[in-house]
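Novice: here is a sequence together with a model predicted from it:
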Amino acid sequence: MSAAWILRGSGRQNHAAWTQLHQHTRGWTAAWADTSGFHLEPMPTTAPATTHLWAFTTHQWLRVRIDVPYWWAAALTLDTEFNLPWTRMPTSAPTVVRVRHWNSDDNRIKQYTGPAGVLGHHEHVQLLPHLPLCAPFLGHQDSLPPEYRKDIDVSPLPDDADEDKPVAPAG
């Protein structure tokens with residue numbers, strides 16, 4: 001039996017509908033950035049003051065675009081129930097690549113507010129559906145079935161791809 005990957009879309013939702021989304025995703029890990037820093041914590045009960053949020057649990061991944069007073073979401077699931085009345089489309093298995101985290105001593109991140117021990121680790125992954133213009137989903141390697149945890153690429157692009165390019169003069 002092959003795995004059933006399903007992509008679902010919420011359509012435009014108003015902020016009052018976040019309660020229904022939160023009920024379905026309660027206990028999922030969510031990631032977003034706002035003015036207080038980068039968050040990696042349980043799914044928030046209300047839409048945070050951000051433009052994008054990603055959340056995940058075992059075999060389920062969510063991404064949300066927030067544009068007050070509305071939000072739009074997509075969910076990718078694998079052989080699991082999804083109890084929200086969203087548009088449903090079967091899809092092929094996504095490509096899975098590791099998320100490249102900043103190192104803990106890297107001076108590019110100052111306001112990380114998530115759990116300790118995340119920076120510099122490579123357990124988080126992107127799931128890239130094979131559809132035009134489909135944005136990635138984010139998750140932890142433990143959210144994947146075991147057969148998808150093997151041989152995960154660190155990045156679909158070479159490391160430091162832009163370092164050898166000449167910098168245009170200012171002005």
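Specialist: Nice, I can see it.
Novice: number of nearby residues for the closest residue to residue 136 other than its chain neighbours?
Specialist: The shortest distance from residue 136 to any non-neighbouring residue, by C-beta to C-beta, 6 or more residues apart in numbering, is to residue 126 (4.2 Å). (Glycine included, C-beta is placed from N, CA and C.) For residue 126, the count of nearby residues is 22 (other C-beta atoms under 10 Å).
Novice: check which helix or strand covers residue 126.
Specialist: Per DSSP states H and E: residue 126 is located in strand 124-128.
Novice: likewise for residue 23?
Specialist: For residue 23, the host element (DSSP H and E) is helix 18-25.
Novice: ok now that helix, how far from the chain's centre?
Specialist: From the chain centre to the centre of helix 18-25 is a distance of 17 Å (C-alpha atoms, centre = their mean, to the nearest Å).
Novice: enumerate the positions of that helix that are buried.
Specialist: If you call a residue buried by 16 or more other C-beta atoms under 10 Å, then helix 18-25 has these buried ones: 18, 21, 22, 25.
Novice: residues contacting that helix, please?
Specialist: With C-beta atoms under 8 Å, 6 or more residues apart in numbering as the test, helix 18-25 has contacts from 10, 13, 43-47, 55, 57, 62, 64, 71, 73, 82-84.
Novice: equivalent analysis for stretch 73-86, please.
Specialist: Residues from elsewhere that reach stretch 73-86 (C-beta under 8 Å, 6+ apart): 3-11, 13, 20-21, 24, 58-65, 91, 94, 127, 129, 134-135, 137, 145.
Novice: go through those and flag which are in helices.
Specialist: Applying DSSP state H to those, the entries found in helices are 20, 21, 24.
Novice: turn those residues into CSV, including distance to residue 149 and pLDDT.
Specialist: Converted to CSV, the ones in helices among the contacts of stretch 73-86 look like this (distance: C-beta to C-beta, whole Å; pLDDT from 0 to 100):
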residue, distance to residue 149, pLDDT
20, 31, 96
21, 27, 97
24, 25, 96
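Novice: so which of the residues you listed is the closest to residue 38?
Specialist: For the ones in helices among the contacts of stretch 73-86, the minimum distance to residue 38 (C-beta to C-beta) is 21.0 Å, reached by residue 21.
Novice: quick one: the closest one from residue 84, how far?
Specialist: Per C-beta to C-beta, to the nearest Å, residue 21 is found 7 Å from residue 84.
Novice: before we move on, what about residue 45?
Specialist: Separation of residue 45 from residue 84 (C-beta to C-beta): 17 Å.
Novice: over to residue 39?
Specialist: Between residue 39 and residue 84 the computed distance is 23 Å (C-beta to C-beta).
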